[in-house]
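Visitor: Fold the following.
(one chain, ligands or ions: 1)
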Amino acid sequence: MKVAVIGAGAVGTAIAAKIVERNLADVVLVDVVPGLAEGKALDILHASPILGFTRTIRGTTELEACLWSELVVVACGRTRQPGMTREELLEQNAATIREVAATLRAYAPGATVLVVTNPLDVMTWLVAEVTGFPRKRVLGMAGVLDAARLRYLLGQELGVAPKDVSTLVLGSHGEQMLPLLGYTFVGGVPVKEKISQAQWDELVRKTREAGADIVRLLQKGSASYAPAVSVVEMVEAILLDQKRILVASVWCDGPYGIRGAYLGLPVLLGREGIEAIQELSLSQEELLCLQRTAKEIEGLFAKVASLRA
Ligand SMILES: NC(=O)c1ccc[n+]([C@@H]2O[C@H](COP(=O)([O-])OP(=O)(O)OC[C@H]3O[C@@H](n4cnc5c(N)ncnc54)[C@H](O)[C@@H]3O)[C@@H](O)[C@H]2O)c1
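Guide: Predicted structure coming up:
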């Protein structure tokens, strides 16, 4: 099994390391900076005697090395600077993603592509547009991370292990993310029975700002460890055909009254990529929020398309 990880920065390198550590697949790590991916790959391989993994990893500057990969993780491009929104990365990252996607179309035509690059939903759409791959094979990671951040915060608030908190965060990876109070449970008990609306609102605010808080603290670069772990959760679900139900940025053309947008929805994830979109029962307000978000993301598609003209 071969996985290509494009971008040997903070996120891409952590993803590559976790894939081989878990013996999920052999990895090709690609970066445009000479020596970077090769150096990172060697560093990871030197851990193999201690961690006991047997999968290999190779670093290269050649995008063509993704040849016949079954899964490609796209984690290249710019990160936010303090004070920036993810959307402000659109122009710079669109050019990079176009180039990468054109290579994938030629060299990895059977691959499932998992996008990490921001702004997430629109970059995922761009990969689908340029590759022309069936849309069930092009998806993005954000909802797993946003839910993990909310689960952590709820665990802290209630003094329980974050692992025992479950939740769903739909919509976009940004200001418009939609955490679902009615689908949030602590040890199987609805969280509504444990916290007030004001507490919930505050935790949602902190979740929305979690990425920006890390950017501000780091001053250079953005979150990488939890994003990488979130991506590998999805990689595992795909490679091992686990039929997990996870939130991914996916092409929605009908469900939730949304026609023609990439945004975060719960899906059944397996070897075929997106095997189904789960339709949840939402309040009128939640549904409207999701539909409004889809419209905003569609606006970004148009903006990317105009950049090309
Ligand atoms: N979806 C999410 O939840 C999420 C979370 C964290 C980061 N991100 C995004 O992931 C991206 C990567 O983040 P990072 O922290 O690893 O950034 P980074 O700056 O550490 O690494 C990015 C790497 O991409 C490489 N690159 C640029 N153009 C390339 C190309 N054409 N081919 C191959 N490599 C290329 C750069 O040389 C660099 O090494 C950013 O856009 C960031 O905003 C998304």
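Visitor: any bit of the top helix by length along the chain sitting next to the ligand?
Guide: Longest helix in the chain, counting residues (DSSP state H): helix 284-308. No - figure legend: helix 284-308 not in contact with the ligand (C-beta under 6 Å from any ligand atom); closest approach 14.0 Å. In short, each C-beta sits where N, CA and C put it, glycine included.
Visitor: Quick check: buried residues in that helix?
Guide: The neighbour-count check on helix 284-308 (16 or more other C-beta atoms under 10 Å) flags 286-287, 289-290, 293-294, 296-298, 300-301, 304 as buried.
Visitor: Identify the residues contacting that helix?
Guide: 87, 90-91, 94-95, 98, 119, 121-122, 125-126, 170-172, 176, 178, 180, 252, 256-258, 260-263, 282 (C-beta atoms under 8 Å, 6 or more residues apart in numbering).
Visitor: Please name the residues that touch Gln277.
Guide: One thing to correct before we go on: residue 277 is Ile, not Gln. Ile277 touches 250, 252, 255, 265-267, counting by C-beta under 8 Å, 6+ apart.
Visitor: Name the member of the residues you listed with the most neighbours.
Guide: Most neighbours among those, by other C-beta atoms under 10 Å: Val250, with 27 neighbours.
Visitor: Just say helix, strand or coil for that one.
Guide: Assigned by DSSP: H, G, I helix; E, B strand; the rest coil, the conformation of Val250 is strand.
Visitor: quick one: it and Tyr262 touch, right?
Guide: Yes - Val250 lies in contact with Tyr262 (C-beta atoms under 8 Å); the separation is 6.6 Å.
Visitor: Please enumerate the shared neighbours of the two.
Guide: Residues touching both Val250 and Tyr262 (C-beta under 8 Å, 6+ apart): Gly140.
Visitor: which one of the contacts of Ile277 sits closest to the ligand?
Guide: Closest approach between these and the ligand, by C-beta to the nearest ligand atom: Val250, at 13.7 Å.
Visitor: just wondering, since we're on that closest one, how far is it from Thr79?
Guide: Using C-beta to C-beta, to the nearest Å, Val250 is found at 24 Å from Thr79.
Visitor: Skipping adjacent residues, who's closest to Leu42 in space?
Guide: Among residues not flanking Leu42 along the chain, Gly59 sits closest, at 7.1 Å (C-beta to C-beta, 6 or more residues apart in numbering).
Visitor: nope, Gln156 is what I meant
Guide: In space, and not counting its chain neighbours, Gln156 is closest to Pro162: 7.7 Å by C-beta to C-beta, 6+ apart.
Visitor: count of neighbours near the one you found?
Guide: Neighbours around Pro162, by other C-beta under 10 Å: 15.
Visitor: and the stretch 151-300 of the chain, which residues reach the ligand?
Guide: Applying C-beta under 6 Å from any ligand atom, we find that the stretch 151-300 of the chain lies next to the ligand at 173, 221-224, 227.
Visitor: try it again with 8 Å
Guide: 173, 211, 221-224, 227, 230 (C-beta under 8 Å from any ligand atom).
Visitor: The stretch 1-150 of the chain now?
Guide: The stretch 1-150 of the chain comes close to the ligand at residues 6-13, 30-33, 36-37, 61, 63, 75-80, 86, 89, 93, 96, 99-100, 115-118, 120, 123, 140-142, 145-146, as judged by C-beta under 8 Å from any ligand atom.
Visitor: List only buried entries from these.
Guide: With neighbours counted by 16+ other C-beta under 10 Å, these contain buried members at 6-13, 30-32, 36-37, 63, 75-80, 86, 89, 93, 96, 100, 115-118, 120, 123, 140-142, 145-146.
Visitor: What spatial separation is found between whichever residue of the stretch 1-150 of the chain sits closest to the ligand and Glu21?
Guide: Of all residues in the stretch 1-150 of the chain, Gly9 sits closest to the ligand, at 1.6 Å by C-beta to the nearest ligand atom. When distance is defined by C-beta to C-beta, Gly9 is 18 Å away from Glu21.
Visitor: and Ala106, how many residues sit next to it?
Guide: Neighbour tally, Ala106, other C-beta under 10 Å: 12.
Visitor: Show me what counts as buried in the helix or strand that contains it.
Guide: Assessed by DSSP states H and E, Ala106 sits inside helix 90-107. By neighbour count on 16+ other C-beta under 10 Å, the buried set for helix 90-107 is 90, 93-94, 96-98, 100-101, 103-104, 107.
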